[in-house]
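Q: Coordinates for the following, if possible.
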Amino acid sequence: MSQIAQNLINLKKKVPDHIKIVAVSKTKPVSDIMEAYNAGHRIFGENRVQELLDKKDRMPADIEWHMIGHLQSNKVKFIVPFISMIHSIDSFKLLRAVDSEAQKTGRTIDCLLQFHIADEETKSGFSREEVEEMLRSNDFRKLERVNICGVMGMATFTGDMDKVRLEFRSLAGIFRELRKSYFSHSDDFREISMGMSGDYNVAIEEGTTMIRIGSIIFGERKH
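A: Sure, this is the predicted structure:
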């Protein structure tokens, strides 16, 4: 058994069955991703469109590809024909671009709203006020080909797990409030994408439904 397969087995023993594991395959070669695939894993996350396109064409067709990185509106058209979920919707402009491209393909795209919950200014994301204003707008109601399935957030990059916990807790609170106020009739609004290799245990305790794991599965990134 390969090390990657063993890593997946070990991880899945620690993660409750109801939580989806997105194997973050960015910068990893197709050979590594195939090791995870051959071990039975099917959900992979990429953060760059070009890298995703290169890998997608060389990998089996039953893979569920998730876009987890910052997405530019002019790149949306390349991934809409096949993407399973976009985690990183951080503006109405981007959501409208996804809707427009999805109409051309006849698909409806599952999307998560990315919230800025960390201290770092470099991280993207909506504020809660921005999302509420968007959800109340007539322009949002006109969208037909996007399916809002929940929220995503990245905690501050820190060893202070108490701080990380508070940030995850705030995202889970936003999720619950949005579900109650705007998505109470949607069975699909159920995902909280938070937690990565360094903090997924805290994310599980705070209610995540989807964790994005790279180095624990594939090993540390080669620089």
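Q: switch to C-alpha atoms for all contacts and neighbour counts from now on
A: Fine.
Q: Strands of this structure, residue ranges please.
A: Secondary structure of the chain (DSSP state E): strands at 20-24, 43-46, 64-67, 85-89, 109-115, 146-153, 191-193, 210-213.
Q: Nearest approach to Arg128 belongs to which of the ones you listed?
A: strand 109-115 (7.3 Å; C-alpha to C-alpha).
Q: Tell me what angle that closest one forms with strand 146-153.
A: Computed by axes from the mean of the first three to the mean of the last three C-alpha atoms, to 10 degrees, the angle separating strand 109-115 from strand 146-153 equals 30 degrees.
Q: returning to what we had before: could the strands of the chain go into a markdown table alongside mean pLDDT and mean neighbour count?
A: Formatted as a markdown table, the strands of the chain follow (pLDDT from 0 to 100; neighbours: other C-alpha atoms under 10 Å):
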| stretch | mean pLDDT | mean neighbour count |
| --- | --- | --- |
| strand 20-24 | 98 | 23 |
| strand 43-46 | 98 | 23 |
| strand 64-67 | 98 | 22 |
| strand 85-89 | 98 | 25 |
| strand 109-115 | 98 | 25 |
| strand 146-153 | 98 | 24 |
| strand 191-193 | 98 | 27 |
| strand 210-213 | 98 | 23 |
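Q: buried set for the longest helix along the chain?
A: With DSSP state H setting the assignment, residue counts place helix 161-181 as the longest helix in the chain. By neighbour count on 16 or more other C-alpha atoms under 10 Å, the buried set for helix 161-181 is 163-169, 171-172, 174-176, 178-179.
Q: which residues are contacting that helix?
A: Contact partners of helix 161-181, identified using C-alpha atoms under 8 Å, 6 or more residues apart in numbering, comprise 115, 117-118, 128, 150-153, 155-156, 158, 189, 192, 194, 199, 202-203, 206-208.
Q: Filter the residues you listed down to just the ones in helices.
A: Those of the contacts of helix 161-181 lying in helices (DSSP H): Arg128, Val202, Ala203.
Q: most neighbours, which of these?
A: Ala203 (24 neighbours; other C-alpha atoms under 10 Å).
Q: Can you read off the pLDDT for it?
A: Looking at Ala203, its pLDDT is 98.
Q: What of Asp119?
A: 86.
Q: thinking again about what came up before, redo the strands of the chain as JSON lines? Include distance to Asn74.
A: Shown next, in JSON lines, are the strands of the chain (distance: least, C-alpha to C-alpha, whole Å):
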{"stretch": "strand 20-24", "distance to Asn74": "23"}
{"stretch": "strand 43-46", "distance to Asn74": "17"}
{"stretch": "strand 64-67", "distance to Asn74": "15"}
{"stretch": "strand 85-89", "distance to Asn74": "14"}
{"stretch": "strand 109-115", "distance to Asn74": "16"}
{"stretch": "strand 146-153", "distance to Asn74": "17"}
{"stretch": "strand 191-193", "distance to Asn74": "24"}
{"stretch": "strand 210-213", "distance to Asn74": "25"}
